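Novice: Next comes the sequence, and after it the predicted model I'd like to discuss.
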Amino acid sequence: TPSSIAINTEEREVSYHEFCYIINRISFLISQYSGKRIAIFSSKSINSYASIFSCLQIGAPYSFISPQSTNYKASRIVEIFRPSLILADEDTISRVPDLGSVADVICLEEVGEGEISLASRTTEIAYVAFTSGTSGILSILDILITLVTSDTSGILSILITLVTSGILDILITLVTSGIS
């Protein structure tokens, strides 16, 4: 069930629902790197595990680089693998500061932090619906239920945002046209 524990680490435990949300959020952020190499240079954490699933979700080959690697070894792996993007934690970024000269860098600690605006959330959910290959009214209901249960400003503002952003029209078109 969505509320069951998916991952239990030293830092915290995460339900399947929350883990799926983190995966989808990272997938949304890295979607422009689909088909390109991504290096995950991070200690074992919820965000690093989610990064692996995100790479698989967008169809990007990835390489996991252990943070215990020496700076020389890590630099050599990056040089050989030639990633377009490096997903790293703050400690790794500060330890190997020249990562940004080789590829784009996203800090994993910043991925799951903070509140997301409703407009961003609807865009992310539309992206997930589009890339998941699902169609039908149940998918729309799942998306609306996710929005309702995860947003504190109420269903009225959700529906207003869906209508004004055009995402509701896109989702209805997907359902009525049978596109998957």
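Specialist: Looks like it came in fine. Numbers count the residues shown, from 1 in each chain.
Novice: Just the CA atoms from stretch 87-95 would do, formatted as CSV, please.
Specialist: Extracted as CSV, the C-alpha positions of stretch 87-95 are listed here (Å, rounded to 0.1, in the frame of the first residue of the first chain):
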residue,chain,number,x,y,z
LEU,A,87,23.7,14.3,-9.2
ALA,A,88,25.7,14.8,-6.1
ASP,A,89,25.3,15.5,-2.4
GLU,A,90,26.7,18.7,-0.7
ASP,A,91,29.6,16.9,0.8
THR,A,92,30.7,15.5,-2.6
ILE,A,93,30.3,18.9,-4.3
SER,A,94,32.4,20.6,-1.7
ARG,A,95,35.1,17.9,-1.8
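Novice: Need the residues that contact stretch 40-59.
Specialist: By CB atoms under 8 Å, 6 or more residues apart in numbering, the residues outside stretch 40-59 that reach it are 7, 9, 11-12, 14, 19, 22-24, 26-27, 30-31, 33-35, 38, 61-65, 67, 74, 78, 86-89, 91-92, 96, 99, 108-109, 111-112, 131. Backbone N, C-alpha and C define where each C-beta goes, glycine included.
Novice: mean confidence for that stretch?
Specialist: Mean per-residue pLDDT for stretch 40-59: 91.
Novice: Show me which parts of that stretch are buried, residue by residue.
Specialist: Neighbour-count burial for stretch 40-59, counted by 16 or more other CB atoms under 10 Å, picks out 40-43, 45-55, 57-58.
Novice: Residue 38 versus residue 74, what's the distance?
Specialist: 15 Å (CB to CB, to the nearest Å).
Novice: I'm done for today, thanks for sticking with me.
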